[in-house]
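In: here is a sequence together with a model predicted from it:
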Amino acid sequence: MAKKIQAALSLPKKNNYGFVNSYIDEDVRLYLDYNFIRYENTNNDFDNNTAHSKIIDFFDYNSQLVQTDLHEAIKNFKLIKENNLTHFGETRNSHQPSGKGPSRLSLEQLFKYIADNPDLELLTSPMDITLIAPRMGPDCFSDLLTNIIFKELYDYTVTTLGKLKKLQYGNQTEHFYWNSKAHKWEKGSFKELLIDGIDTILVPTHICTKKLPYNISKFINGIILDVKQQEIKNSGRKEVPNKKDLLIQELAPYKNQGIKNVSKQYALDSVSENPGLLRQLHDKYDADYAHTHHYQLANDNDLPKYKKN
């Protein structure tokens, strides 16, 4: 039977230790959400400000680097290797990564397009990469964020386990993290933090989500198709197709051409025609996150349930 962190640490059962009570021997389907890191600061032992500034620096710097050193930008984004120390992800009963993320070729094609179209201002927000990069889903995005702020998560784990008098070190290991002052990946030396003999990084509950609300489906259905329907109305047509029928019409040419990643290519083309679509998305989530808590965990034990096969 899968063991949770609190049980492995022999802690009294309660909901407010401040870290996700995930399993230490299988993954749980949770993700880091940079907007929670940005807006929520309910755990004094985690350095929200540094973590958020590192994430923003990573995307700001690499969005500019695309223009001057395409291959270096690709290399920076390829460091998405799944970090199983948090035990987050979409792999069950195994600590082997389940996804590979975007290929080098797909990133090269995407970043070249971004470099050739600077007016589109793509990658100005971290959420953009999940909308336009092939095979960059919530799991890969969360893995990337985890690597960027690995040092802050490590320091948080040391502090938390120290306060609980449960700090146990293991062997010396190496991990990458983002250095926002040097604008590059650093390889640091860290001692393993053992929980029941398993190297584990604790994650503050307040920065986790069960589901990323900014995804390609919501971008298309909540922004792009709304604009398309309004354009049809403004053209004088009496009948405006519903979103389901309109989406079928819009995607048909891509499917007929055998294009892969149809939805993301359609979204990218739509933004190329109307850069304001992306700004609408940014404005929507800037407003939403200031007042709502999308899919945020209610407490440390609020873990998603896996569906039985």
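Out: Nice, thanks for sending it over.
In: so which residues of the protein form helices?
Out: Counting by DSSP state H, the chain has helices at residues 5-8, 34-39, 48-68, 70-77, 104-116, 128-132, 138-148, 150-163, 216-219, 225-234, 243-256, 262-273, 276-291.
In: tally up the residues packed near Thr292, please.
Out: 11 (other Cβ atoms under 10 Å). Placement of C-beta: from N, CA and C, glycine included.
In: I meant Ser189, not that one.
Out: 8.
In: cool, Ser217 as well?
Out: Ser217, neighbours per other Cβ under 10 Å, totals 10.
In: which residue sits closest to it, ignoring its sequence neighbours?
Out: Leaving out its chain neighbours, the residue that sits closest to Ser217 by Cβ to Cβ, 6 or more residues apart in numbering is Ser263, at 7.3 Å.
In: pull the contacting residues for that neighbour.
Out: Ile216, Ser217, Ile220, Leu251 (Cβ atoms under 8 Å, 6 or more residues apart in numbering).
In: could you list the low-pLDDT ranges of the stretch 1-150 of the chain?
Out: Across the stretch 1-150 of the chain, residues meeting the criterion (pLDDT under 70) sit at 1, 40, 80-83, 91-101.
In: what about Asp139, distance to Lys264?
Out: 16 Å (Cβ to Cβ, to the nearest Å).
In: check Asp196 too.
Out: Counting by Cβ to Cβ, the gap from Asp196 to Lys264 is 40 Å.
In: one step back: okay if I get the helices of the chain as a markdown table plus distance to Trp185?
Out: Converted to a markdown table, the helices of the chain look like this (distance: least, Cβ to Cβ, whole Å):
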| stretch | distance to Trp185 |
| --- | --- |
| helix 5-8 | 28 |
| helix 34-39 | 18 |
| helix 48-68 | 9 |
| helix 70-77 | 7 |
| helix 104-116 | 16 |
| helix 128-132 | 17 |
| helix 138-148 | 8 |
| helix 150-163 | 10 |
| helix 216-219 | 27 |
| helix 225-234 | 38 |
| helix 243-256 | 35 |
| helix 262-273 | 26 |
| helix 276-291 | 26 |
